[in-house]
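**Q** What shape does this take:
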Amino acid sequence: MKPNLSRRHTQGASVIETAGGLRLTIPASDGSRYDDAQLDDYTGLARRDFPHRSLDLSLRARASAESTPGTWGFGVWNDPFGLSLGFGGNPFRLPALPNAAWFFYASPQNYLSFKDNPSTLPLVAGQAHPAHGFLAQTFRAPRFHPALIGAGLALPFSRIAARRGLGRVIAEDAFALSVDVTQWHGYRLRWREDRVIFEVDDVIVLETSVSPHPPLGFILWIDNQFAAFTPAGKISFGVLAHPEAWLEIEGLELKK
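**A** Numbering: from 1, shown residues only. Got it, this is the predicted structure:
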C-alpha cells in the first residue's frame, strides 16, 4: 500500500525528498521554540476516525546522531495529548490515555514509563521498562477510565499516587535497543489485535501481547520535546536546545 501521508513541519524545519526516500530535518535551536518535522496519516481526523486497526509497517532509517535532545521515531498512536504536536488546523481532541506501538528514541531528559522500577545504571539492551533511549515500545489503555480523572484530581496533592494509579490502568512493554542509529537499519512493526512484533534487520527484538487499542494513526517524526513523569512524582516537559538534527528514511511501506 502506497502511504497517503501529510507532511508537516514547524518554521525552519523541513520534510524533503532524497534520492531514495525522505529526510526530516529540524534546525539548530537555543531551546526557545518547538521544532518538529513529521509525516502522518490522521491530519484533520477525529480520534475515532484514525485509519488503522492493524498494520504492518516497514522501512529503513538512519538518524544524524546517536544522541539528540528531544524525541524521534515511527509507529502508530492515538495522539493522546490532543494537541497534535503543536500544529493547528485539526479537530480538538480531549486528552486520552495512551495507546501506541512504535520505535521510539527519547533523550535522557525524558521519562516515558509508568512502572516504578527506575534504574540508576546506564541503559542497556533488554532493561525492563526502560524510560528513555532507543526503544521498541507499546502502551495499551482503555479509551476512557476514571483513573484519568482521578489522576488529575490527585496531582495537586500526591503526584506519586496519581502516577501509580495510571500505572495500574496503562499496560506497557518496552525493550531497549542496542543499535547504531546513525547507520542504515531495517525496521518492521507488525501490529495485530492480540500481539505486536518488532524486528530490526529481520531479527525479532520484541514480541508482546501488550497491543494498543484501535483505531490509531501512523506517525513518523523528529522534534526537540521532552516529557517526564518520574517514580518520585516529578513532572517536567518542554523543549530543548539542540544542534541541527535529521531523520532519513527509505522504502516506507504500510500494509493493512
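
**Q** Can you tell me the SS state at R164?
**A** Under DSSP: H, G, I helix; E, B strand; the rest coil, R164 falls in the helix class.

**Q** Could you count how many residues lie near it?
**A** By the criterion of other Cβ atoms under 10 Å, R164 has 17 neighbours. Any C-beta I mention is one placed from the backbone N, CA and C, and that applies to glycine too.

**Q** quick one: the nearest residue to E244 once chain neighbours are set aside from N4, how far?
**A** Once flanking residues are discounted, E244 sits nearest to A28: 4.7 Å by Cβ to Cβ, 6 or more residues apart in numbering. Here A28 is placed at a distance of 32 Å from N4 (Cβ to Cβ, to the nearest Å).

**Q** Name the residue in these two with the higher neighbour count.
**A** Taking neighbours as other Cβ under 10 Å, A28 and N4 compare with A28 leading, 12 against 8.

**Q** Looks like the residue nearest to E244 contacts N224 (just checking).
**A** No. In this structure A28 lies outside contact range of N224 using Cβ atoms under 8 Å: 9.9 Å.

**Q** Need the residues touching each of those two.
**A** H242 (Cβ atoms under 8 Å, 6 or more residues apart in numbering).

**Q** What separation is there between the residue nearest to E244 and L240?
**A** With Cβ to Cβ as the criterion, A28 and L240 are 12 Å apart.

**Q** Least confident secondary structure element in the chain?
**A** helix 146-154 (a mean of 49; mean pLDDT, DSSP states H and E).

**Q** Do a quick rundown of the helices in the protein.
**A** For the chain, helices defined by DSSP state H occupy the ranges 146-154, 159-169.

**Q** pLDDT below threshold where in the stretch 151-256 of the chain?
**A** Across the stretch 151-256 of the chain, the ranges flagged by pLDDT under 70 are 151-157.

**Q** switch to 90 and redo it
**A** Confidence mapping of the stretch 151-256 of the chain against pLDDT under 90 gives the ranges 151-170, 228-237, 256.

**Q** for the stretch 1-150 of the chain, same thing?
**A** Low-confidence segments of the stretch 1-150 of the chain (pLDDT under 90): 1-4, 43-44, 46, 80-97, 111-132, 142-150.

**Q** Apart from its chain neighbours, what residue comes closest to G167?
**A** F114 (3.8 Å).

**Q** can you pull the contacts of the one you found?
**A** 163, 166-167, 170, 172, 229.

**Q** Now neighbour count too, for the residues you listed, in JSON lines please.
**A** Formatted as JSON lines, those follow (neighbours: other Cβ atoms under 10 Å):
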{"residue": "R163", "neighbour count": "22"}
{"residue": "L166", "neighbour count": "20"}
{"residue": "G167", "neighbour count": "18"}
{"residue": "I170", "neighbour count": "21"}
{"residue": "E172", "neighbour count": "19"}
{"residue": "F229", "neighbour count": "23"}
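
**Q** So which of those residues is the closest to R8?
**A** Within the contacts of F114, the smallest distance to R8 is 26.3 Å, found for F229 (Cβ to Cβ).
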